[in-house]
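Asker: This is the structure alone, sequence omitted:
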């Protein structure tokens, strides 16, 4: 019985590898969520389309490029997406100056997500595009693997370590971490809250945009794909515990492997349904996630 | 200071009919607009506009429910398009494809929509805010995918054609039953939204949305309110889905993409969040304008409504109708002034009531706390506190900042759970009970920051306390309340001073008729006259009505002036407890007087 359900070893390896690679993308989006959430209490619904901007950057500037050109363009796209996200952050934070208006960000970030996707559709059409990257296919545990898979997992680990270092070892990073504890105290301590929050947006754009650029070869670069990453990235963040980057390292690949298993056993079109069910279940039974802080209640 | 007395003589100089909200007017205008657009084209024989407005009016009904969900229940849903689709597909699959009787098909549609609503409502029991935003958005992404995949049931991309022949006929030439139905549904949705706002349920939903702690302290469970709102909105949206089928005659997955959900959401924002007229104007702007004027440029539509929404949020966060309403309110708002809200009326009211049978002194305590301990991480907030309060007793709770006063209040009101110790309320063990249950057991409280709701008039803010009462007010109280309604029915709480807001909250909790009341720093920000009125009211509560009162307060003169017993806390421990006269000489208490509080 069990033997029929369990496929061959190389199929398992394929599922796990593909799941981990796709899950690494979800983890990266989740980390970029966390940066902004911790600094500004905002969940940027446009994070998926911002990730996609990086991928479109690769499609326009670095398709079939050699390694040096690819690296140079990667830098250009990363900086551009970071600057764009900083601008988005500035706009998002504008209405929050007044104390009455505290949930406008939910509307404005969704609107920005729609605007990006609509603009991409107008410019590139609504079909999916393929990008060829500089890395060749590799063979791992007997499975031929696109080089971008490794790039995805590598980018997840690199950004995790990079953010960890930045948030714990640099003055600016520590100031951003302080924001997540207490805005008022941070302001009282002389920290320029608004500038740091915009910086957090910029960093989240750099993380998501660079990842989108690198992994363009393994995804379908189409304007509506952003929604998939924003959804799964959020599920990864919730599973790991919102605000915890360490949690995303588990949450992302977990969601990715569940999606890959669903694709194998049920069908590729059911992957998002599986993520939705995971989200509903975890919110109902473990809303704080694996590594989440219990939110302190203020009265 | 002629202006100070103005609220008592409202007719003197102010416009007579300046009502606090324009809900009633907006309702009338909204119904008129729907009737004109719904019936007008048919009567004029214009089939293009007839058909356009049939769909528009269905969308308006969905947007009205979205508005209710968004503002009255505080839930941001990006999935109402999927709920609409569930209603439509439920009917079309049951009756259109499988030939079931129409009645069953209609039931199937509503059930499908309600089931979709449950998917949103169940997580809403536990979480709120952006979490639910993502759940609903995921559902809107997944729904068309599923329709395509399950083509055995849904015919996938080919869609389902279905007509309901009986609806094409009608009572008058040119006027079909379908037209009438499609006009009636948004009118009903609007009336329902208006009606809900007049009910205690509507106020409870709004309180739960705006201040979950205040809601719980009034015996309301916010999770239940959120879930209920999702279910109500889904059933209504499902009914709209039923009508979508004969209106369009054909349903396919492309009709229910996430863009549709965004249209409903954006329409509410652009039209004006919370305004009854908002969804109508919003759908006209977000849906009709691009559909009619950008016919040739269909692909620009999402960009247009995305930019429109972003622009509105940044530049006019109140939306079209909301900005007009804000302008009206600024010009015509009433209330405010030095003596705009005072306790005298309420105090007089209670003074006139017959005495409650006072409990014998030394009877069983209303509230007993034993060995209460509470820690937050490394910080010990409460460390083995014993605390008793009897009926008719005013119990002062004093101590420096951080001594655990508010922690104790939060434990007593159930907002935080004890790590160790027991807590009995009116003889029942409520140690692990949730705040709402404790509030229903007869506990009321105020907050350091008064929870006053700007979207309600002063009277409706008070009325929330009445809504939470276990027993209906008797004839004498009801008559007196009429006076309060007349004085404050149309006054805006936005104009009240901080102290007046405190007093408003005090009256609200008194109207809840709890057997024990917790006041958390009630005197902060009160003028000296307001302090005296407050002290008089508290004395009445205890002496006349037999309530137990717990008073956390830094104004030691006030505490020593009215308290029967006083407990002093220091770093989470009770250091002294007894009669005020004895404690004033206690060295453990002396330093409190030397400190800044008394300076």
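Answerer: Right, received. Where do you want to start? Given the structure is predicted, the values throughout are model-derived calculations rather than measurements. Numbering: from 1, shown residues only, chains lettered A, B, ... in the order given.
Asker: residue ranges with poor pLDDT in chain A?
Answerer: Within chain A, the ranges that satisfy pLDDT under 70 run A:1-7, A:97-102, A:141, A:190, A:293-299.
Asker: And the strands in it?
Answerer: With DSSP state E as the criterion, chain A has strands at A:138-140, A:143-145.
Asker: mind checking which of those is nearest residue B:205?
Answerer: Each of the strands of chain A was scored for nearness to residue B:205 using C-beta to C-beta, and the closest is strand A:143-145 (52.5 Å). C-beta here means a position set from N, CA and C on the backbone, and glycine is covered the same way.
Asker: Give me the pLDDT for residue B:495.
Answerer: Per-residue confidence (pLDDT) for residue B:495: 81.
Asker: residue boundaries of the helices in chain A?
Answerer: Listed in chain order, the helices of chain A (DSSP state H) span residues A:2-5, A:9-40, A:47-61, A:67-93, A:104-124, A:147-169, A:171-181, A:183-188, A:193-215, A:225-240, A:245-265, A:271-285.
Asker: how about the fifth one: buried residues?
Answerer: If I follow you right, that is helix A:104-124. Neighbour-count burial for helix A:104-124, counted by 16 or more other C-beta atoms under 10 Å in any protein chain shown, picks out A:104-121, A:124.
Asker: What is that helix packed up against?
Answerer: Counting contacts by 3 or more C-beta pairs under 8 Å, 6 or more residues apart in numbering or on different chains; DSSP states H and E, helix A:104-124 packs against helix A:47-61, helix A:67-93, helix A:225-240, helix B:258-271, helix B:301-315.
Asker: Switch these over to a markdown table; also include mean neighbour count.
Answerer: Converted to a markdown table, the helices and strands packed on helix A:104-124 look like this (neighbours: other C-beta atoms under 10 Å in any protein chain shown):
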| stretch | mean neighbour count |
| --- | --- |
| helix A:47-61 | 26 |
| helix A:67-93 | 19 |
| helix A:225-240 | 28 |
| helix B:258-271 | 27 |
| helix B:301-315 | 20 |
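Asker: Between these, which one is closest to residue B:78.
Answerer: helix B:258-271 (5.2 Å).
Asker: That closest one and chain A, any residue contact?
Answerer: Yes. Contact of helix B:258-271 with chain A is found when judged by C-beta under 8 Å from any C-beta of the partner chain, involving B:258, B:259, B:262, B:265, B:266, B:269.
Asker: I'd say the first one and residue B:85 touch.
Answerer: Spelled out, it's residue B:258. No. Using C-beta atoms under 8 Å, residue B:258 is not in contact with residue B:85; the gap is 10.9 Å.
Asker: what's residue B:490 sitting at in phi/psi?
Answerer: Main-chain torsions, residue B:490, degrees, to the nearest 10: phi -120, psi 20.
Asker: on that earlier part again, need the strands of chain A in CSV (columns: mean neighbour count and distance to chain B).
Answerer: As requested, the strands of chain A are exported to CSV (neighbours: other C-beta atoms under 10 Å in any protein chain shown; distance: least, C-beta to the nearest C-beta, whole Å):
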stretch, mean neighbour count, distance to chain B
strand A:138-140, 11, 31
strand A:143-145, 15, 27
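Asker: Can you lay out these as TSV showing distance to residue B:543?
Answerer: Formatted as TSV, the strands of chain A follow (distance: least, C-beta to C-beta, whole Å):
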stretch	distance to residue B:543
strand A:138-140	82
strand A:143-145	81
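Asker: Provide a list of residues in contact with residue 150.
Answerer: Let's take chain A. Going by C-beta atoms under 8 Å, 6 or more residues apart in numbering or on different chains, residue A:150 touches A:21, A:135, A:138, A:140.
Asker: um, chain B though
Answerer: For residue B:150, the contact set (C-beta under 8 Å, 6+ apart) comprises residue B:156.
Asker: got it, and the one 3 residues further on?
Answerer: Contact partners of residue B:153, counting by C-beta under 8 Å, 6+ apart, are B:93, B:97.
Asker: Could you check which helix or strand contains it?
Answerer: Element membership for residue B:153 (DSSP states H and E) is helix B:151-154.
Asker: what packs against the next helix or strand after that helix?
Answerer: For helix B:151-154, the following helix or strand on the C-terminal side (DSSP H and E) is strand B:160-161. When contacts are defined as 3+ C-beta pairs under 8 Å, 6+ apart, strand B:160-161 sits against strand B:250-251.
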